[in-house]
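**Q** Give the three-dimensional model of this entry:
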Amino acid sequence: MSLHHVELWVSDLEAALPSFEWLFLAMGYEPFQHWEGGRSWKHGETYIVLEESPAVRREPYDRMRPGLNHLAFRVDDVDKLVEEAVGHGWTLMFADRHPYAGGPEHYAAYLENDAGFEVELVR
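**A** A predicted model of the protein is given here:
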């Protein structure tokens, strides 16, 4: 078994696209689908959807509420992505403990975009 896809609903697709599109492309995902109100990127058999659905509730996203807290991706070069991420709408979280914020054996970066979505990049 493996993950088929992940679908993230956003309140403003155009505002969310710059940070997410950069990240997905930088990690090797390729553009997959494009429609009014949504985009997707594919890597292998798994794809990620970013969608502004008409059914989405317009309250701000809060990763601290029940539901999705963050997505974690295994990447080849954590440091390179962190260095570039700042110019693409991402902020390094836990900078005082980076790259071991997850513990002494866990080399990773935790990034947050302007909408409050968190991603973890794991070596």
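**Q** What residues of the helix or strand where Arg39 lies count as buried?
**A** Using DSSP states H and E, Arg39 maps to strand 38-43. Using 16 or more other Cβ atoms under 10 Å as the burial criterion, the residues of strand 38-43 that qualify are Gly38, Arg39, Ser40, Trp41. No exception for glycine: its C-beta is placed from N, CA and C like everyone else's.
**Q** Show me what the first one bridges to in the sheet.
**A** If I follow you right, that is Gly38. Bridge pairing for Gly38 (DSSP bridges) gives the partners Trp35, Glu51.
**Q** Go ahead and confirm it touches Glu52.
**A** Yes - the criterion here is Cβ atoms under 8 Å, and Gly38 meets it with Glu52 at 6.9 Å.
**Q** Show residues contacting the longest helix along the chain.
**A** For the chain, the helix with the greatest residue count under DSSP state H is helix 13-26. The contact list for helix 13-26, computed with Cβ atoms under 8 Å, 6 or more residues apart in numbering, reads 8, 10, 31, 37-39, 41, 48, 50-52, 81, 84-85, 88-90, 111, 113-115, 117, 119.
**Q** Please produce a PyMOL select command covering the buried subset of these.
**A** Burial among the contacts of helix 13-26 is assessed by 16+ other Cβ under 10 Å; the matching PyMOL selection reads:
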select buried, resi 8+10+38+39+41+48+50+51+52+81+85+88+89+90+111+113+115+117+119
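**Q** where exactly do the strands run in this protein?
**A** Along the chain, counting by DSSP state E, strands occupy 5-9, 30-35, 38-43, 46-51, 70-74, 90-92, 108-113, 118-122.
**Q** partner strands of the last one, parallel or antiparallel?
**A** Here strand 118-122 is paired, per DSSP bridges, with strand 70-74 (parallel), strand 108-113 (antiparallel).
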